[in-house]
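Asks: Using only what follows, build the 3D model:
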Amino acid sequence: MAFFRAFWNSPIGPKTTHFWGPVFNWSIPIAAFVDTKKPPEMISGNMTAVMCVYSAMFMRFAWMVQPRNLHLLVCHVSNETVQLYQLSRWIKARGSLQQEKEEQAKGQ
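Replies: Here you go, the predicted model:
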C-alpha cells in the first residue's frame, strides 16, 4: 500500500500530465505498428517524415524536462523506430515504382 501511495503522490504519478501524456501518446506508435501490415503504397512520406521529426524533438524534451519523464522518452523512442521503418518501406516502394517506370520506358 505504501508503494501505491508513493506512486500516486509522486511528481510523475497519475495525478499529473507527466503520467497521462505518455499513456495517451502510446496510441501513435501503436497505430504506426499496426500500419506496418498495410501496403507501402498507402504510406504518406510527408506525414511519416513529420512524425520522425516530432518524435526526435519530444525525445529531447522528455529527457530535459524536470522531473525527467522516462515513460515519455520510451514512447517517443518506440515511435521514432516504427516511423523510420515505415519511412524506409515508403522509400523502397518509391524506388521500385521508379525502376518499373524506367523499365517500361526502355521496353517501348
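Asks: Quick check: the gap between the residue nearest the centre of the chain and P40.
Replies: Taking Cα atoms, centre = their mean, the centroid of the chain lies closest to N79, which sits 2.0 Å from it. N79 sits 18 Å away from P40 when distances are taken as Cβ to Cβ, to the nearest Å. C-beta here means a position set from N, CA and C on the backbone, and glycine is covered the same way.
Asks: do the same with A32
Replies: A32 sits 13 Å away from P40, going by Cβ to Cβ.
Asks: Settle it for me: which of those two has more neighbours?
Replies: Using other Cβ atoms under 10 Å as the criterion, A32 and P40 rank with A32 on top: 21 against 18.
Asks: My understanding was that the more buried one contacts L84; is that so?
Replies: No: under the criterion of Cβ atoms under 8 Å, A32 is not in contact with L84, lying 10.0 Å apart.
Asks: Report all helices and strands that the helix or strand where E80 lies contacts.
Replies: Using DSSP states H and E, the element containing E80 is helix 70-107. Packing contacts for helix 70-107, counted by 3 or more Cβ pairs under 8 Å, 6 or more residues apart in numbering; DSSP states H and E, involve helix 17-25, helix 27-34, helix 45-64.
Asks: Can you list the buried residues in the first one?
Replies: The neighbour-count criterion (16 or more other Cβ atoms under 10 Å) identifies H18, F19, P22, N25 as the buried residues of helix 17-25.
Asks: Just give me how far it sits from the chain centre.
Replies: Put simply, helix 17-25 sits 15 Å off its chain's centre (Cα atoms, centre = their mean, to the nearest Å).
Asks: Equivalent analysis for the longest one, please.
Replies: The chain centre lies 8 Å from the centre of helix 45-64; the measure is Cα atoms, centre = their mean.
Asks: Extract the CA atoms of it and return them as CSV.
Replies: Taking C-alpha atoms only, helix 45-64 is exported to CSV below (Å, rounded to 0.1, in the frame of the first residue of the first chain):
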residue,chain,number,x,y,z
GLY,A,45,6.0,10.0,-46.9
ASN,A,46,5.5,13.6,-45.8
MET,A,47,3.5,12.6,-42.7
THR,A,48,5.9,9.9,-41.7
ALA,A,49,8.8,12.3,-42.0
VAL,A,50,7.0,14.8,-39.9
MET,A,51,6.3,12.1,-37.3
CYS,A,52,10.1,11.3,-37.2
VAL,A,53,10.9,15.0,-36.6
TYR,A,54,8.2,15.2,-33.9
SER,A,55,9.4,12.2,-32.0
ALA,A,56,13.0,13.3,-32.2
MET,A,57,12.1,16.7,-30.7
PHE,A,58,10.0,15.2,-28.0
MET,A,59,12.7,12.6,-27.1
ARG,A,60,14.9,15.6,-26.2
PHE,A,61,12.0,17.3,-24.3
ALA,A,62,11.3,14.1,-22.3
TRP,A,63,15.0,13.9,-21.3
MET,A,64,15.4,17.6,-20.4
